[in-house]
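# Structure here, sequence nowhere to be found:
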Ligand SMILES: C[S@@+](CC[C@H](N)C(=O)[O-])C[C@H]1O[C@@H](n2cnc3c(N)ncnc32)[C@H](O)[C@@H]1O
């Protein structure tokens with residue numbers, strides 16, 4: 001051993017023994033010490049200064065951040081007494097772990113359990129905390145006395161323990177070795193640290209001594225002092241988990257298999273890193289950045305859905321639900337709370353589990369968006385069979401490209417004129433407007449009340465209802481709509497109405513999410529209901545609250561298809577009445593130049609869509625208008641189509657918009673329905689003629 005190595009070894013030993021005097025176990029010290037050495041570029045003086053103050057601070061801060069992390073999850077806290085009790089009950093004294101993770105019963109002379117944070121027992125010994133609390137300087141803690149008694153007063157969830165691992169003693173993981181030689185541990189890849197903590201519901205994932213796989217793939221464990229059967233279909237056993245999401249009564253966790261934990265190359269990632277990685281994978285595969293996309297939200301929705309489905313009577317569940325939660329398993333576990341339910345997402349290393357945390361909460365069965373929207377969207381209860389139910393599609397809250405659509409969303413495309421990076425807080429407060437208002441002559445289209453300015457709304461309505469010939473654009477070389485019908489000899493372009501755009505602030509802008517120039521991207525905020533119209537129009541959408549003029553209601557969401565894909569889809573579904581009306585995204589083909597096939601896009605909500613697919617047509621004077629909205633990309637061949645009210649709308653009124661159908665165009669690939677909009681301006685002359693002739697006959 002070189003002199004340098006010898007010296008390093010001695011310094012490590014001194015640091016460990018200094019922390020030991022504070023009652024901090026070496027396995028807690030080692031990873032933090034490694035990190036500090038890395039951060040201080042092996043300058044020991046910084047670590048040794050003031051009797052290892054930096055080291056002790058870092059250890060406590062790491063502990064603090066783990067507790068803070070729990071608070072960030074916004075998980076409703078269980079009463080502390082309950083948590084403490086469960087934890088203590090769950091671990092029989094003869095089965096305590098030796099790695100600092102177990103919940104130990106309070107010593108006789110301690111305060112009652114409910115006043116004693118579990119944190120104290122989990123990771124740092126009572127000695128270290130008492131050293132803080134007692135203000136008695138020791139050679140090694142004197143520098144720490146200036147700190148408050150932070151650890152003693154920290155909140156604790158009771159299910160999170162700060163520790164390196166719950167691995168068994170046979171594990172070889174380099175970060176977990178309790179090797180006598182600290183050098184071995186510290187010199188091993190200083191950059192590759194695992195997280196300090198992971199979630200560890202001790203009652204569920206107690207040591208293997210409490211876990212006895214049986215021949216049925218389940219096992220008997222001591223849970224809160226009682227023996228419970230836990231499903232473990234592959235019989236591999238589990239020994240640690242990582243909480244992904246939680247609601248009041250359900251936890252979603254990864255359960256690591258023993259073999260993974262014993263893999264020396266495996267280091268437990270943080271949940272934040274996992275979420276970020278998954279979000280990036282989604283971004284890569286969908287090629288679209290949804291500003292609201294968050295894996296955390298999805299996982300929490302899963303927890304809610306789990307709880308709700310668990311409360312839904314078996315006969316009311318749809319087939320797909322039963323696929324996700326095998327009925328016998330759900331039944332089995334539902335009867336045995338608290339319980340863990342293996343979820344499909346497992347592989348040979350991980351299993352995902354939904355773990356009930358015992359409490360119950362109100363249910364929201366009445367939401368066709370199944371939690372995808374911030375506001376639940378109810379459906380009017382009608383007598384009849386489930387086949388009549390209008391939910392023969394997959395609800396999505398954001399557009400998703402089907403296959404060939406070209407949508408390029410990247411920050412580099414957004415130049416300085418297309419964002420307001422210098423703004424902050426709320427752009428609407430800026431009397432001079434900002435770059436994002438330049439599309440509308442420097443005036444924001446939204447008022448402080450969050451509705452459309454009357455002038456802008458009026459101009460959009462006039463353009464749609466009484467367009468002038470100059471408002472149309474005619475494709476010069478070839479029109480994508482005509483070319484798809486006849487590639488060899490396309491007909492002349494029939495014209496595209498050039499529309500006014502709303503431009504909202506977005507990711508590259510300096511303002512915050514509450515900025516008044518971000519309305520459509522925040523999603524639905526109105527109380528809407530899908531209902532049976534009873535006017536031979538099928539289902540429709542109505543508002544359950546009064547809506548002011550200019551209010552954003554919802555966006556038309558569907559699959560983003562190329563015009564060719566739509567045409568092919570239409571040909572293959574000929575005669576299939578399920579087809580809804582697609583929306584052509586041709587509002588600014590004039591400035592896009594000659595479009596490639598993959599840039600001539602439309603939205604189809606037939607198979608994937610949102611609540612807008614229920615909005616019926618009304619000729620001319622619908623109470624909604626669709627306006628193009630630019631959010632993520634300045635390329636106007638892709639945009640959002642947002643519906644705003646054209647007038648004040650009363651609660652219970654049906655919401656309608658003008659599909660723009662030419663009822664006289666009998667050549668159109670999609671055959672028009674017989675219009676029953678009831679408007680005095682109805683364009684469906686065939687119906688009018690039929691009705692008139694019927695009246696004449698009757699007379
Ligand atoms: C986008 S969907 C609207 C929701 C639809 N009513 C449903 O039950 O799912 C369009 C379809 O609704 C019907 N529809 C919409 N507006 C109509 C109207 N004014 N008169 C008759 N049928 C209408 C037509 O069948 C049309 O193909």
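Looks like it came in fine. Quick caveat: nothing in here was measured; it's all calculated off a predicted structure. Numbering: from 1, shown residues only.

# Burial check on residue 573, number of neighbours?
Residues near residue 573, counting by other Cβ atoms under 10 Å, number 12. Glycine gets a C-beta too; all of them are placed from N, C-alpha and C.

# Show the pLDDT at it.
Note on residue 573: pLDDT of 70.

# same check, this time on the one 10 residues further on
In this model, residue 583 is scored at 95, pLDDT.

# Repeat that for residue 498.
96.

# Got phi/psi on it?
phi -80, psi 120 (degrees, to the nearest 10).

# ditto for residue 644
According to degrees, to the nearest 10, residue 644 has phi -120, psi 150.

# ok, the closest residue to residue 296 other than its chain neighbours - contacts?
Closest residue in space to residue 296, ignoring its immediate chain neighbours: residue 275 at 5.7 Å, by Cβ to Cβ, 6 or more residues apart in numbering. Counting by Cβ atoms under 8 Å, 6 or more residues apart in numbering, residue 275 touches 294, 295, 296.

# Export the residues you listed to CSV and append columns for pLDDT.
Below are the contacts of residue 275 laid out as CSV (pLDDT from 0 to 100):
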residue, pLDDT
294, 73
295, 76
296, 76
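
# which of these tops the neighbour count?
residue 295 (18 neighbours).

# I'd guessed that residue sits against residue 279; true?
Yes: in terms of Cβ atoms under 8 Å, residue 295 counts as a neighbour of residue 279; the distance is 5.5 Å.

# So, low pLDDT: which residues of this protein?
1, 64-241, 258, 282-293, 314-365, 382-391, 574-580, 687-699 (pLDDT under 70).

# Now do the SS call for residue 251.
Secondary structure, DSSP: H, G, I helix; E, B strand; the rest coil: residue 251 is strand.

# Tell me how far residue 245 lies from residue 394.
Noted for residue 245: a distance of 22 Å to residue 394, by Cβ to Cβ, to the nearest Å.

# Looking at these two now, which is surrounded by more residues?
More crowded of residue 245 and residue 394, by other Cβ under 10 Å: residue 245, with 23 against 13.

# Residues of the protein that sit close to the ligand?
Contact residues, the chain versus the ligand (Cβ under 6 Å from any ligand atom): 390, 537-540, 580-581, 613-614, 616-617, 673, 675-677.

# By neighbours, which of those wins?
Most surrounded of the residues of the chain next to the ligand: other Cβ under 10 Å gives residue 614, at 25 neighbours.

# Over to the closest residue to it other than its chain neighbours: give its phi and psi.
Nearest non-adjacent residue to residue 614, counting by Cβ to Cβ, 6+ apart: residue 541, 4.4 Å away. Reported as degrees, to the nearest 10, the phi and psi values for residue 541 are phi -120, psi 140.

# okay, now residue 541: neighbour count?
Count around residue 541 with other Cβ under 10 Å applied: 23.

# residues in contact with it?
Residue 541 neighbours (Cβ under 8 Å, 6+ apart): 528, 529, 530, 531, 611, 612, 614, 615, 616, 654, 655.

# rerun that using 6 Å as the cut-off
528, 530, 614, 615, 655 (Cβ atoms under 6 Å, 6 or more residues apart in numbering).

# Select from these every entry located in strands.
Per DSSP state E, strands hold the following members of those: 528, 530, 655.
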